[in-house]
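[1] Fold the following and give me the result.
(chains A and B)
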Amino acid sequence: MKKFRNSYSILVSLFLAITLSGCATPAANALRANESQVKLRSIQTRAFDTTDKKKMMQTVISTMQDLDFVIDKADFLLGSVTGSKFLGQAVVAMSVTVRPRGEKQLLVRVNAQYGVNSVEDPATYQDFFTALEKSIFLTAQQVD
Amino acid sequence: MRWPKKQVFVIGMCLGIIGCVTVPRGFLKPSDDYLAKRQLQMRQYATTNEEQIMASVAGVLQDLGFTLADSETRLGLVSASKKADATNKGQVFAAILFGGLGNNPELVQQCDKSQVIKAAVVIKPSLENKKIAVRVSFQRIVWNMAGQINRVETIKDPLMYQRFYDALSKAIFLEAQQI
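    All right, here's what the predicted structure looks like:
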């Protein structure tokens, strides 16, 4: 009887461990983000006081190259740049979009993925914008 | 109900081991040697003819056996990739020897077999607008004999960049001579 109780409690522990740690199932959660849509945008977006889209995009590209990214694709009309970099065994994929905001500003939005995880840490994006600011000699402004 | 210590420990261990992978921080911060990297990956050419340099870049990538993947002329970007053999005879020999000795013939399956090299070249006017700056970066993915990815890396070997620019200088000359 004692033996039965022992194995029973091990089973319960295992069950609890699996359900508590529960990594999300991919299909149901492919379109899910941990942060709210608005918050995510504010983390990933900055405005710059310039209207020179070409120069901004070229600066984005060179900043990404400084960060070891290899540029996979770019589109001037859409204002998008996509690149990837290897970090140990993980692949970091990143896309940046540049679009006008009003008459005098450009909006730069960055989103990154680390392996199968979306990056939602504000500090990580801030690092990128700091590097971008340095290369373009402009100050990035927080967007609400 | 009182939880026995042992069970709590087991649950803790399982949670720790299974737990979702976390994203590391600070990987979008430039490393300290990024200026040195620029030196390695960048060359300037004394011309203002961006189109000619772009054509030469496409040509040199073809010379080196790359297939052009994507380009955006307005931003001066050309990306390309190439499949190549990655077999290292020394590695295979060592794997056969040690695998044989250790009675593990599977070891040879872990050896590098093939690789895909990705290149991205960006052409833009230099800061003073009098020269054209060309910057290339390479990445590679290496597969082993069992068809699994062995490793992925950014290529940092100066020789690789040296070769590219030697070929590019030649290509610019050839283009100018219409060869």
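[2] Any regions of chain A where pLDDT drops low?
    Chain A contains residues with pLDDT under 70 at A:1-5, A:17-26, A:28, A:138-139, A:144.
[3] Would you map the strands across it?
    For chain A, the strands defined by DSSP state E cover A:45-48, A:70-75, A:80-87, A:90-101, A:105-114, A:117-118, A:141-142.
[4] For these, give me a markdown table that also has mean neighbour count.
    (Each C-beta comes from the backbone N, C-alpha and C, glycine too.) Output for those, formatted as a markdown table (neighbours: other CB atoms under 10 Å in any protein chain shown):
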| stretch | mean neighbour count |
| --- | --- |
| strand A:45-48 | 22 |
| strand A:70-75 | 21 |
| strand A:80-87 | 20 |
| strand A:90-101 | 18 |
| strand A:105-114 | 20 |
| strand A:117-118 | 14 |
| strand A:141-142 | 12 |
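[5] Any chance of those in TSV with distance to A:T59 as columns?
    Putting those into TSV (distance: least, CB to CB, whole Å) gives the following:
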stretch	distance to A:T59
strand A:45-48	9
strand A:70-75	13
strand A:80-87	10
strand A:90-101	9
strand A:105-114	10
strand A:117-118	25
strand A:141-142	16
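[6] quick one, what contacts residue 135?
    Assuming you mean chain A. Listed by CB atoms under 8 Å, 6 or more residues apart in numbering or on different chains, the contact set of A:S135 reads A:T59, A:S62, A:T63, A:D66.
[7] oops, chain B please
    B:R135 neighbours (CB under 8 Å, 6+ apart): A:S62, A:Q65, B:R38, B:Q41, B:M42, B:V121, B:V122.
[8] That one: which element?
    Following DSSP states H and E, one finds B:R135 within strand B:132-144.
[9] need the contact list for the residue nearest to the spatial centre of chain A.
    Residue closest to the mean C-alpha point of chain A, counted by CA atoms, centre = their mean, is A:A112 at 2.6 Å. Contact analysis of A:A112 by CB under 8 Å, 6+ apart lists A:V92, A:A93, A:M94, A:S118, A:V119, A:T124, A:Y125, A:F128, B:L28.
[10] hey, what's it bridged with?
    On the basis of DSSP bridges, A:A112 is bridged to A:M94.
[11] Likewise for B:E153?
    Counting by DSSP bridges, the residues bridging with B:E153 are B:R140.
[12] Run through the bridge partners of A:V81.
    Going by DSSP bridges, A:V81 is paired in beta bridges with A:A74, A:V96.
[13] How about the one 5 residues further on?
    Beta-bridge partners of A:F86, counted by DSSP bridges, are A:V91.
[14] ok, now which ones touch it?
    Contacts for A:F86 (CB under 8 Å, 6+ apart) come out as A:V92, B:Q139, B:V152, B:E153, B:T154.
[15] Helices of chain B, residue ranges please.
    B:5-18, B:34-41, B:50-63, B:89-101, B:158-176 (DSSP state H).
[16] residues touching A:A93, list them.
    Contact analysis of A:A93 by CB under 8 Å, 6+ apart lists A:T82, A:G83, A:S84, A:A112, A:Q113.
[17] from those residues, which single one is nearest B:V60?
    Taking CB to CB as the measure, B:V60 lies nearest A:G83 of these, at 21.3 Å.
[18] Not counting its neighbours along the chain, what's nearest the closest one?
    Excluding the flanking residues, the one nearest A:G83 by CB to CB, 6 or more residues apart in numbering or on different chains is A:F69, at 3.7 Å.
[19] before we move on, what about B:A55?
    B:E175 (6.1 Å).
[20] And the one you found, how far from B:R74?
    Look at B:E175 and B:R74: by CB to CB, to the nearest Å, they are 21 Å apart.
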